[in-house]
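Trainee: Pasting the sequence and the predicted coordinates here, then a few questions.
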Amino acid sequence: MNRRDFLTTASVTSAALALNGCNESNRQAIDYSKHPQAKNSEKKRINFNKNKKTVIKLATSWPAHFPIMGVGVERFAKRIHDISAGSLEIKIYPKNVLVPALAVFDACSSGQIDAFHSGPYYWKGKNSAFSLYSGIPFGFTAEEINSWMLFGGGLDLWREQYAKYNLHPFMGGNTNIQMGGWFRKPINSLEDMKGLKMRIPGLGGEVFAKMGVNPILLPAGEIYTSLERGVIDATEWVGPALDIKMGFYKVAPYYYSGWHEPGSILELTFNKNTWSHLSHEQQAMIEVASSEMNSNMTYEFHAENIYALQKLEDLNVQIMQYPKEVIEAGKKSLQDVIKELSEKNQDFTKVYTSIEKHLKLSKKWSDTSLRYFLNER
Ligand code: CA
């Protein structure tokens, strides 16, 4: 094909595509100009002086060098140092160094710190809608929630709602699908869930509460001893990679596959004043490096999980699945929780409506492609 033929074919094809688009009235086109990076690139360029050093104080909800999450933030800071030629420094304060683990939201909102790394569902007490940015039980996988955030309007909603707290969030990693938790005794029926004392936060905890479980919140350092002494009967944490380090398998040998946190988002959030005073170039560096952190952390969880699962099997941990009646009760409880929270909070309704729309289509595509493939593999 010569160049002229190619151009003609290409024009006909694009004309046909355009026409096709016009005819498909119910098709929701993806507007790429709405992508967060496209928005930022429209901003007026501000001269960036790389000889002038800017320091960002970033607090995390994790201990220093905490596997995957803590280490991932440290890599992000190093990356920013390198691409800014040392002119933009992210100074990391692990939990309790400057502010307690769960005080980072308020500290950043007030300007005590410039940024934080944590998880949006920890702030559901401020606004129940925030828990939805972490994900929902039976909801998005990591890949699906990323697509909702970037191309389905999720990040826009998140930023609109965080702006009321003077905050500007980014995705800062994803735990990938989490395990259902560690149990001292096997769960053979819905009846076995009743009265169970379990450490489980977020929307998952609310769903489990509707199923008769008594959800308990405990600091990370107290979970193991509580489980060992029978103060709690079960705990969820994250997945094999982090769970194995907590040693839960020694005191609760039944390890269940999960559905309560199928793709939990971690956040990298900035104080809005700090963010708006950064130059266009500094903002672009953070956008690039945070996007890298988001994908690296997601894939590192996957990589660490596959090796840790093998180790757990070698330790004779029993990998279990909830009975069907527990799963069905979980789905029903989720609908009750969503109904109650929607009635109480318009923000929740707004975010959930957006999620529902994207999730419905996403499920169809994932069932058609990924589920088919995984079943056949
Ligand atoms: Ca968890």
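Mentor: Good, I have the coordinates. Numbering: from 1, shown residues only.
Trainee: Which element, helix or strand, includes the residue in the stretch 251-377 of the chain positioned nearest to the ion?
Mentor: The minimum distance from the stretch 251-377 of the chain to the ion, using C-beta to the ion, falls at Glu261 (5.0 Å). Bear in mind the C-beta positions are built from the backbone N, C-alpha and C, glycine included. Secondary structure assignment for Glu261, by DSSP states H and E: no helix or strand.
Trainee: Measure how buried it is and give me the count.
Mentor: 27 (other C-beta atoms under 10 Å).
Trainee: who are the neighbours in contact with it?
Mentor: 134-135, 137, 175, 177-178, 202, 204, 236 (C-beta atoms under 8 Å, 6 or more residues apart in numbering).
Trainee: Could you let me know which of these ends up closest to Ala303?
Mentor: Set against Ala303, the nearest of the contacts of Glu261 by C-beta to C-beta is Thr175 (13.0 Å).
Trainee: So the closest one versus the ion, what's the distance?
Mentor: Thr175 sits 7 Å away from the ion when distances are taken as C-beta to the ion, to the nearest Å.
Trainee: Pairing partners for Ala234 in the sheet, please.
Mentor: Phe183, Met198 (DSSP bridges).
Trainee: residues from the chain in reach of the ion?
Mentor: The chain comes close to the ion at residues 178, 261, as judged by C-beta under 5 Å from the ion.
Trainee: what stretches of the chain score poorly on pLDDT?
Mentor: Residue ranges of the chain with pLDDT under 70: 1-51.
Trainee: what sits against the residue nearest the centre of it?
Mentor: Central residue of the chain (C-alpha atoms, centre = their mean): Ile265, 0.5 Å from the mean position. Taking C-beta under 8 Å, 6+ apart, we find Ile265 in contact with 119-120, 133-135, 145, 149, 171-174.
Trainee: and which of those is nearest Phe270?
Mentor: For these, the nearest to Phe270 is Gly172 (10.8 Å; C-beta to C-beta).
Trainee: So that closest one, which state does it fall into?
Mentor: Per DSSP: H, G, I helix; E, B strand; the rest coil, the secondary structure class of Gly172 is strand.
Trainee: Do I have it right that Pro120 meets Pro169?
Mentor: Yes - between Pro120 and Pro169 there is a contact under C-beta atoms under 8 Å: 7.4 Å.
Trainee: In terms of helix, strand or coil, where does the residue nearest to Phe76 when sequence neighbours are not counted fall?
Mentor: Spatially, and ignoring its direct neighbours in sequence, Phe76 is nearest to Met293 (4.3 Å; C-beta to C-beta, 6 or more residues apart in numbering). Following three-state DSSP, the label given to Met293 is helix.
Trainee: Could you double-check that Met293 sits in contact with Lys78?
Mentor: No - when contacts are counted by C-beta under 8 Å, Met293 is not listed as touching Lys78 (10.7 Å).
Trainee: more neighbours, these two?
Mentor: Applying other C-beta under 10 Å to Met293 and Lys78 shows that Met293 carries more neighbours, namely 25 against 12.
Trainee: For the more buried one, list the residues it contacts.
Mentor: Applying C-beta under 8 Å, 6+ apart, the residues near Met293 are 72-73, 75-76, 79, 172-173, 268.
Trainee: Mind checking which of these are in helices?
Mentor: Judged by DSSP state H, the subset of the contacts of Met293 located in helices is 72-73, 75-76, 79.
Trainee: would you turn those residues into a markdown table with neighbour count?
Mentor: Listed next are the ones in helices among the contacts of Met293 as a markdown table, based on neighbours: other C-beta atoms under 10 Å:
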| residue | neighbour count |
| --- | --- |
| Gly72 | 26 |
| Val73 | 27 |
| Arg75 | 16 |
| Phe76 | 25 |
| Arg79 | 19 |
